[in-house]
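Engineer: pasting a predicted model and its sequence here:
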Protein chains: 2
Amino acid sequence: MDSQRVSHIAKKSQNISEWYTDVVVKSELADYGPVKGCMVIRPYGYALWEAIQKFMDARIKKRGVQNAYFPLFIPESFLHKEKEHVEGFSPQVAVVTYAGGEELKEKLVVRPTSETIMYEMYKQWVHSWRELPVLINQWNNVVRWEKRTYLFMRTSEFLWQEGHCAHATHKENLAMVMWALKMYQKTYRDLMAVYGIAGIKSESEKFAGAAKTFTYEIMMPDGKALQGCTSHDLGQNFAAAFNWTVLDQSGTHIHPWQNSWGFSTRSIGGLIMAHGDDSGLRLPPAMAPIQAVVVPIYKTENKDAVRAYAKKVASSLRGIRTYCDDTDTETAGFKFNKWELKGVPVRIEVGEKEMQAQAITCVRRDTGAKSNIALAHALLSLKAELKNMQSAMLEQHRKFTDEHTQSVDSYAEFKNIMKTSRGFIKAMWCEDRACEEKIKQETKATTRCLPLDAKQEKGNCIYCGKPAQHRWLFAQAY
Amino acid sequence: MDSQRVSHIAKKSQNISEWYTDVVVKSELADYGPVKGCMVIRPYGYALWEAIQKFMDARIKKRGVQNAYFPLFIPESFLHKEKEHVEGFSPQVAVVTYAGGEELKEKLVVRPTSETIMYEMYKQWVHSWRELPVLINQWNNVVRWEKRTYLFMRTSEFLWQEGHCAHATHKENLAMVMWALKMYQKTYRDLMAVYGIAGIKSESEKFAGAAKTFTYEIMMPDGKALQGCTSHDLGQNFAAAFNWTVLDQSGTHIHPWQNSWGFSTRSIGGLIMAHGDDSGLRLPPAMAPIQAVVVPIYKTENKDAVRAYAKKVASSLRGIRTYCDDTDTETAGFKFNKWELKGVPVRIEVGEKEMQAQAITCVRRDTGAKSNIALAHALLSLKAELKNMQSAMLEQHRKFTDEHTQSVDSYAEFKNIMKTSRGFIKAMWCEDRACEEKIKQETKATTRCLPLDAKQEKGNCIYCGKPAQHRWLFAQAY
């Protein structure tokens, strides 16, 4: 990282999108690729994705779901088999028209998602209830064409996992849908310290081809909501479209019930947004590639001794991902800025004073709190500090979300909030698509979800005044 | 797996390619996808790839190489920057010509390999020797169009890792090239129990754009050689083509030295070929997803007791990947065949006799050797057995390779071998491309490599009779 690049990042409060791009590029999480819409995920950013993969993959396997790999290319005709599905994805696909020096007879779509190609195979493999459930996941790349890139948040190619299961009954199917949603919620909360609201999508906002879509909606600092991931109950839609039947226990041909669920690199965009500040990234300890960085502070006369002490400190912190930044070509002050920008949870300063006292000075990235600890207690103390920091960051984001969630009963108030602070709005809605469309046109707010914990109420639609049963969560979407 | 599919596989000795496809499809490692040339890697096959990833990824990281992710799409013009590179890959690429509903101004190539897109970014990121070396790897999918699919061995899309490093000196660069080659050799030998010969490629067989290519060549049962992986010293070719310079310590602009190295899902094809037999797969214990399968053998009257004992046996084998196949819908004999087909290293049979004696009967997949062991000693005994089996399988393949390697001094003898048993032939060659080409035309044998341990000799080219210095390794290539 060269010295010019560390120094200037835009202020988060002044221009959040400029700040965001500065942070992503200058902390070396990612960069723009040569093709419009495509990003390069650099090692520091990819390490975040690996942390997510490790956390989720273990849980996916424990649930009995196995990883597999299906082809990148889907025959164009496949996409057309499920009517809503093709309408949803056609405008976004990238298409291969020639290969191996010849024009192709049938054009190939670069997968925007893999329902169609996977279910064609499921149909060939599974003919009896005995072979159900099918529990398959894949970690891969997908392409949905975008004209304007927003690193991590909106890119033509992104990485994700897509789970695709098939069950003999709707009950089992729904259990898997909810399991995936809860697993995602756990990933956001326990690993990424990102709070959000789990709920069900409206008919117009659900996935193309799904019966029901569940989501985790995350409030961003600018008052807009990010759809963090989705888990879909596909019902029997795809099985019917692909004409896939299996024999059930009574010897009847039935269409299996299917679900799909996906979590992508977009989540990293949400993490950066939710936690970053004017100095750069703030990474929650559970997923930080480097949890503690040791920076030696020395003069010519004590250089060797202090650097040796710094190394000793770093190697004593077993079980904490520690990096000793003892390069001689940057000043300590420059290093402080650099590691703040990169969001390392704890900075450990060691100089003459610390060396003499066999101690360390710790600075927390989230609060800036400084403490002096004896080296003998450093490991235990730091472990506790990191654990604290993890829950404090989640709590901070939960509090932020609560403070930016308002329950309203008049459309005037609704419009006023959308003109000013935005955030989540809880409002009664009659579930008529026309009202939803009007609200979107007039305020930019869309229904984000019906929260899982929403209670049935008696009331009237905020827009049309007709009877309504639930308070839906509205916000402007990313 | 339905009962019809387990029963019939072709004989390896009679029709190896039919046998191979039968084994891959019927053991559920993989299947043909709907697009020509593209395969579906099923969970059982993907677990093998995950074992390879786990083994290699830890070593890659330990060497200081970090994972990252570069875009799938490469602007067509990029491929043209390195002359040999474009000539090598152009005939094989798949091309995206429209996306997002519009025809693209510049066509996009689906990456056949990532040199060009990665080095364009390296050039933007690195300007000084201080920022060298660049040590980056990615696990991804690449596409090289094929008309005829051969599952795992030759597919239009395949999975691999590609390491791409850049160094300030040729010496460091070469050290990384050799490190990768040795790491691959270790993966083949210690994990996959596949023997092979490491060496350097001839000028005509090297990678398009490389200065030197190193390879691991594997002898297959039909006497043909499989190129198991490659590690390339790219010299300064790509840096020059991309006009990438960095300032060295003396303030001079130099082109960095680069290398790339790749290992793909093709290796799984080699594994299947090398070890399989007429009953199906034989998986080396170190990479087998299931190392031991417990099959209870019971009648109606002792069914519950024997099945409970089988479960007890399975759960006692801590540290061994064990599966208890106690489904009631298949006979024990059917299960034996099924797990043999799937290549599980050890089958554990438990029936009334074993239950009474608190013992197990073990059958080794590689030798068929049967032994009876007291349950109290089962864990230690099985661990030793699996370790034995791992080295026995490597030794078996090493012996096979040795027996199919002949050193010849006359071209008549060379031709005769190629007409009959094939295998590796060690023969003096003058290193003139014309002779290599003639030998290929007349015998189908190509130079596979100059083995790393080849000694300088005085002799004459087997083809033209001119002076030659080394015995090269020839074989017909897959």
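Structural biologist: Nice, thanks for sending it over. All figures in this text were calculated on a predicted structure; none of them were measured in a lab. Numbering: from 1, shown residues only, chains lettered A, B, ... in the order given.
Engineer: just the buried residues of stretch A:373-385, please?
Structural biologist: Using 16 or more other Cβ atoms under 10 Å in any protein chain shown as the test for burial, stretch A:373-385 gives A:373, A:375, A:378, A:382, A:385. Glycine gets a C-beta too; all of them are placed from N, C-alpha and C.
Engineer: again with stretch A:123-143
Structural biologist: So for stretch A:123-143, counting by 16+ other Cβ under 10 Å, buried means A:123, A:126, A:129, A:131-143.
Engineer: swap in stretch A:302-310?
Structural biologist: For stretch A:302-310, a neighbour-count test (16+ other Cβ under 10 Å) marks A:306, A:307, A:309, A:310 as buried.
Engineer: residues from the stretch 101-250 of chain A in reach of chain B?
Structural biologist: A:101, A:108, A:110, A:117, A:120-121, A:124-125, A:127-128, A:130-131, A:136, A:140-141, A:143, A:145-147, A:156-157, A:159 (Cβ under 8 Å from any Cβ of the partner chain).
Engineer: what secondary structure does residue A:431 sit in?
Structural biologist: coil (DSSP: H, G, I helix; E, B strand; the rest coil).
Engineer: so it sits right up against residue A:471, yeah?
Structural biologist: No: the criterion here is Cβ atoms under 8 Å, and residue A:431 misses it with residue A:471 at 11.8 Å.
Engineer: comparing those two, which residue is more hemmed in?
Structural biologist: Using other Cβ atoms under 10 Å in any protein chain shown as the criterion, residue A:431 and residue A:471 rank with residue A:471 on top: 22 against 16.
Engineer: quick check: closest non-adjacent residue to the closest residue to chain B within the stretch 351-478 of chain A.
Structural biologist: The stretch 351-478 of chain A approaches chain B most closely through residue A:478 (19.0 Å), counting by Cβ to the nearest Cβ. Counting by Cβ to Cβ, 6 or more residues apart in numbering or on different chains, residue A:226 is the residue found nearest to residue A:478 once chain neighbours are left out, at 4.7 Å.
Engineer: circling back: ok, so of the buried residues of stretch A:302-310, who is nearest residue A:167?
Structural biologist: Closest approach to residue A:167 among the buried residues of stretch A:302-310 (Cβ to Cβ): residue A:310, at 55.9 Å.
Engineer: for the nearest residue to the closest one once chain neighbours are set aside, phi and psi?
Structural biologist: Sequence neighbours aside, residue A:296 is the residue nearest to residue A:310 in space, at 3.7 Å (criterion: Cβ to Cβ, 6+ apart). Phi and psi for residue A:296, reported as degrees, to the nearest 10, are phi -80, psi 140.
Engineer: now do the contacts for residue A:296.
Structural biologist: Going by Cβ atoms under 8 Å, 6 or more residues apart in numbering or on different chains, residue A:296 touches A:306, A:307, A:309, A:310, A:324, A:326, A:332, A:350, A:351.
Engineer: chain B versus that one, what's the distance?
Structural biologist: Per Cβ to the nearest Cβ, to the nearest Å, residue A:296 is found 18 Å from chain B.
Engineer: just residue A:333 next, same as before
Structural biologist: For residue A:333 relative to chain B (Cβ to the nearest Cβ), the value is 19 Å.
Engineer: return the helix or strand where that residue lies as CSV; C-alpha atoms alone will do.
Structural biologist: Assigned by DSSP states H and E, residue A:333 belongs to helix A:332-341. Taking Å, rounded to 0.1, in the frame of the first residue of the first chain, the C-alpha atoms of helix A:332-341 are listed here in CSV:
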residue,chain,number,x,y,z
ALA,A,332,4.4,4.3,13.6
GLY,A,333,1.8,7.0,12.9
PHE,A,334,1.4,5.9,9.3
LYS,A,335,0.9,2.3,10.5
PHE,A,336,-1.7,3.4,13.0
ASN,A,337,-3.7,5.0,10.2
LYS,A,338,-3.2,2.1,7.9
TRP,A,339,-4.5,-0.5,10.4
GLU,A,340,-7.4,1.7,11.4
LEU,A,341,-8.3,2.0,7.8
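Engineer: got the contact list for that helix?
Structural biologist: A:1, A:3, A:6-7, A:9, A:23, A:26-27, A:279-281, A:290, A:293, A:295-297, A:325, A:330, A:347, A:349, A:365.
Engineer: next one: that helix to chain centre, how far?
Structural biologist: Its chain's C-alpha centre and that of helix A:332-341 lie 27 Å apart, by Cα atoms, centre = their mean, to the nearest Å.
Engineer: give me the domain ranges for chain A.
Structural biologist: As recorded under automatic domain parsing, the domains making up chain A are A:3-70+A:120-275, A:292-391, A:405-476.
Engineer: return the distance of the first one from the chain's centre.
Structural biologist: This means domain A:3-70+A:120-275. In this view, domain A:3-70+A:120-275 has its centroid 8 Å away from the chain centroid, taken as Cα atoms, centre = their mean.
Engineer: so which residues of the stretch 201-350 of chain A form helices?
Structural biologist: A:237-241, A:266-275, A:303-316, A:332-341 (DSSP state H, counting those that start in this stretch).
Engineer: now swap in the stretch 1-150 of chain A and tell me
Structural biologist: All helices of the stretch 1-150 of chain A, identified by DSSP H, counting those that start in this stretch, fall at A:3-7, A:16-26, A:43-62, A:76-79, A:83-89, A:115-125.
Engineer: isn't residue A:205 right next to residue A:446, touching?
Structural biologist: Yes: shown here, residue A:205 and residue A:446 form a contact pair, counting by Cβ under 8 Å, at 6.5 Å.
Engineer: could you name every residue contacting both of the two?
Structural biologist: Contact with both residue A:205 and residue A:446 is made by no residue, according to Cβ under 8 Å, 6+ apart.
Engineer: mind listing which of the contacts of helix A:332-341 are in strands?
Structural biologist: Counting by DSSP state E, the part of the contacts of helix A:332-341 found in strands is A:293, A:295, A:296, A:347, A:349.
Engineer: buried only: go through the residues you listed for me.
Structural biologist: Counted by 16+ other Cβ under 10 Å, these give A:293, A:295, A:296, A:347, A:349 as buried.
Engineer: surely the fourth one touches residue A:363?
Structural biologist: Yes: with contact defined as Cβ under 8 Å, residue A:347 and residue A:363 form a contacting pair (4.5 Å).
Engineer: re the thing from before, which of the domains of chain A sits closest to residue B:73?
Structural biologist: It is, among the domains of chain A and with distance given as Cβ to Cβ, domain A:3-70+A:120-275, at 4.9 Å.
Engineer: returning to that earlier point: redo the buried ones among the ones in strands among the contacts of helix A:332-341 as JSON lines? Include pLDDT.
Structural biologist: Listed next are those as JSON lines, based on pLDDT from 0 to 100:
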{"residue": "A:293", "pLDDT": "98"}
{"residue": "A:295", "pLDDT": "98"}
{"residue": "A:296", "pLDDT": "98"}
{"residue": "A:347", "pLDDT": "98"}
{"residue": "A:349", "pLDDT": "98"}
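Engineer: ok, these vs chain B, which is closest?
Structural biologist: Looking across these and measuring by Cβ to the nearest Cβ, the closest to chain B is residue A:293, at 16.6 Å.
Engineer: relative to residue A:265, how far out is the closest residue to chain B within the stretch 151-300 of chain A?
Structural biologist: Here the residue of the stretch 151-300 of chain A nearest chain B is residue A:157; by Cβ to the nearest Cβ that distance is 5.4 Å. Distance of residue A:157 to residue A:265, computed by Cβ to Cβ, to the nearest Å: 10 Å.
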